[in-house]
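Student: Sequence first, predicted coordinates after that:
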Amino acid sequence: MLEAMNVLGDDPRFKWLIDKSRAHENAWRPTILAELGRIPDQEIMRAAAEEICKHKLSTRQAIAYVRKVRGVRKQPDSGMLLRRLFAAYNGFVAEYPEISRLDIEFAVRLFSLAVAERLSEHEKSPAPRRRYHTNGGRGG
């Protein structure tokens, strides 16, 4: 964080991230500054900070953006996958609220079986496999 404050602190373009003229808690964003401080090249740090300020990214968005700039990816885990699955489920149910519980449970069981089969195939042969499609294998 100190590195980013030293590089960005007096430049008015970054006032959204660090505003030394104000003393209240929203005058600076320490989590974003800490992530920016991990960028070793000062010009790249300034460019990333400028994008963050221009779009007023949330802390989560800014951290993801800086990590992308740095070439760092979060390691996937079961929680990350579960959040994505729930997001897909919630989106589908919001779009089709009339779907029955029976149809939901049936789709989830089929999905679980298809994933288990896919994992078994992958263990036998690490070569890439076609994605599963529910439309008769016609893609999309």
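Tutor: Nice, I can see it. Residues are numbered from 1 along each chain as shown.

Student: Need the residue closest to the centroid of the chain.
Tutor: A64 (5.9 Å; CA atoms, centre = their mean).

Student: From L81, how far off is that residue?
Tutor: Per CB to CB, to the nearest Å, A64 is found 17 Å from L81. C-beta: built from backbone N, CA, C; applies to glycine.

Student: pLDDT score for the residue nearest to the centre of the chain?
Tutor: Note on A64: pLDDT of 91.

Student: Let the chain start at 31 from now.
Tutor: Sure thing, new numbering starts at 31, so read that last one as A94.

Student: Just to be sure, it is in a strand?
Tutor: No. The assignment for A94 by DSSP: H, G, I helix; E, B strand; the rest coil gives helix, which leaves it out of any strand.

Student: give me the low-pLDDT residue ranges for the chain?
Tutor: Applying pLDDT under 70 to the chain flags the ranges 31, 50-57, 155-170.

Student: which helices and strands does the strand or helix carrying A117 pack with?
Tutor: Using DSSP states H and E, A117 maps to helix 108-125. If contacts are counted by 3 or more CB pairs under 8 Å, 6 or more residues apart in numbering; DSSP states H and E, helix 108-125 sits against no helix or strand.

Student: following that helix, which helix or strand shows up next?
Tutor: Next element after helix 108-125 (DSSP H and E): helix 131-154.

Student: CA atoms only: put that following helix into PDB for me.
Tutor: C-alpha atoms of helix 131-154 as PDB (Å, rounded to 0.1, in the frame of the first residue of the first chain):
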ATOM      1  CA  ARG A 131     -39.100 -28.500  -8.300                       C
ATOM      2  CA  LEU A 132     -39.200 -32.000  -9.900                       C
ATOM      3  CA  ASP A 133     -37.600 -30.600 -13.100                       C
ATOM      4  CA  ILE A 134     -34.900 -28.800 -11.100                       C
ATOM      5  CA  GLU A 135     -34.000 -31.900  -9.100                       C
ATOM      6  CA  PHE A 136     -34.000 -34.000 -12.300                       C
ATOM      7  CA  ALA A 137     -31.600 -31.600 -14.100                       C
ATOM      8  CA  VAL A 138     -29.300 -31.500 -11.000                       C
ATOM      9  CA  ARG A 139     -29.100 -35.300 -10.900                       C
ATOM     10  CA  LEU A 140     -28.400 -35.500 -14.600                       C
ATOM     11  CA  PHE A 141     -25.800 -32.900 -14.300                       C
ATOM     12  CA  SER A 142     -24.100 -34.700 -11.400                       C
ATOM     13  CA  LEU A 143     -24.100 -38.000 -13.300                       C
ATOM     14  CA  ALA A 144     -22.700 -36.300 -16.400                       C
ATOM     15  CA  VAL A 145     -19.900 -34.600 -14.400                       C
ATOM     16  CA  ALA A 146     -19.000 -37.900 -12.700                       C
ATOM     17  CA  GLU A 147     -18.800 -39.600 -16.200                       C
ATOM     18  CA  ARG A 148     -16.700 -36.800 -17.500                       C
ATOM     19  CA  LEU A 149     -14.300 -37.100 -14.500                       C
ATOM     20  CA  SER A 150     -14.000 -40.800 -15.100                       C
ATOM     21  CA  GLU A 151     -13.300 -40.300 -18.800                       C
ATOM     22  CA  HIS A 152     -10.700 -37.700 -17.900                       C
ATOM     23  CA  GLU A 153      -8.900 -40.100 -15.600                       C
ATOM     24  CA  LYS A 154      -8.700 -42.700 -18.300                       C
END
